[in-house]
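J.: need coordinates for the below:
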Amino acid sequence: MRQISPHIWTWSEFNTDKGLDFNGWYIQYDGETALIDPPEPTENVIQFIKTRGAPDNIFLTNKHHARASGVFREIFDCPVWIHEHDESLIEMPVDRTIKDQDILSCGIKAIHICDGKTRGETSFYFPHEKAAMIIGDAVIGKPKGSLSMLADEKFENPFKAKLALNRLLEFQFDLLLLGDGESLTENAYETLKKFLTNA
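T.: Predicted structure coming up:
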């Protein structure tokens, strides 16, 4: 488990088919704890969470990022949330649904991304010290230090999918935490802005 800010830790599972890391996030703030898109845990990850504090909730960015959320729900008896548009599409039962602009535990704000890979694609904004924007499949960190998008066929309209990401620039953030690939911990906002300017 690696700490990347005063309130956020991460761990990864390498996907050999895609050649990149699947990343998950453990967030703890003001007495609350959340997991986002949790990949398969090692025993060290489980022990860290048991010691540090069990999650109150698990938030998913989209229907394809359930990953090991069922494992965490069973161990820690916490609900799994997903955007209401993906609730009927995900291949596992979820406990609660998210709407655009919802304020969730740890002060995390849900930002629905229209025209994404799935109808319910949602980014999560953590506004506190070392503010972070957490993204699922809307953009990925590949190659290292830069941003890209999934193949065009993953989107109904690739141009609109990229254009929709401009909404994220309404929020100031220091960290761009990506579900797939290498996250950005420096010049994150400006890197996303430059990437979207070339849309």
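
J.: packing partners of the longest strand seen in the chain?
T.: As assigned by DSSP state E, the longest strand anywhere in the chain is strand 20-29. On a contact count with 3 or more C-beta pairs under 8 Å, 6 or more residues apart in numbering; DSSP states H and E, strand 20-29 meets strand 8-15, strand 32-36, helix 43-52, strand 175-178. For every residue, glycine as well, the C-beta is placed using N, CA and C.

J.: contacts for the very next helix or strand once past the last one next, please.
T.: Spelled out, it's strand 175-178. Sequence order places helix 188-197 as the next helix or strand after strand 175-178, per DSSP states H and E. Defining contact as C-beta atoms under 8 Å, 6 or more residues apart in numbering, one finds that helix 188-197 is touched by 133, 139, 146-147, 162-163, 165-166, 168-169, 172-176, 184.

J.: of those, grab the buried ones for ChimeraX.
T.: Restricted to buried positions by 16 or more other C-beta atoms under 10 Å, the ChimeraX selection for the contacts of helix 188-197 reads:
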select :133,139,147,162,165,168,173,174,175,176,184
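
J.: what's the neighbour count on Met92?
T.: Look at Met92: counted by other C-beta atoms under 10 Å, it has 12 neighbours.

J.: beta partners of Gly141?
T.: On the basis of DSSP bridges, Gly141 is bridged to Gly181.

J.: that one reaches Glu182, doesn't it?
T.: Yes: using C-beta atoms under 8 Å, Gly141 is in contact with Glu182, at 3.8 Å.

J.: mind checking which of these two has more residues around it?
T.: Set Gly141 next to Glu182 and count neighbours by other C-beta under 10 Å: Gly141 wins out with 23 against 18.

J.: that older thread, and which of the contacts of helix 188-197 is nearest to Ile49?
T.: Leu175 (20.4 Å; C-beta to C-beta).

J.: and the nearest residue to the closest one once chain neighbours are set aside, what does it touch?
T.: Nearest residue to Leu175 in three dimensions, chain neighbours excluded: Ala132, at 4.0 Å (C-beta to C-beta, 6 or more residues apart in numbering). With contact set as C-beta under 8 Å, 6+ apart, Ala132 has these partners: 5, 8, 125-126, 173-177.

J.: for Ala132, list each beta-bridge partner.
T.: Here Ala132 shows beta-bridge partners Phe126, Leu175, assigned using DSSP bridges.

J.: Pro127 and Asp180, how far apart?
T.: 23 Å (C-beta to C-beta, to the nearest Å).

J.: the two: which has the busier surroundings?
T.: Shown here are Pro127 and Asp180; by other C-beta under 10 Å, Asp180 has more neighbours (23 against 16).

J.: for Lys117, see how far away that one is.
T.: To Lys117, Asp180 is 11 Å away according to C-beta to C-beta.
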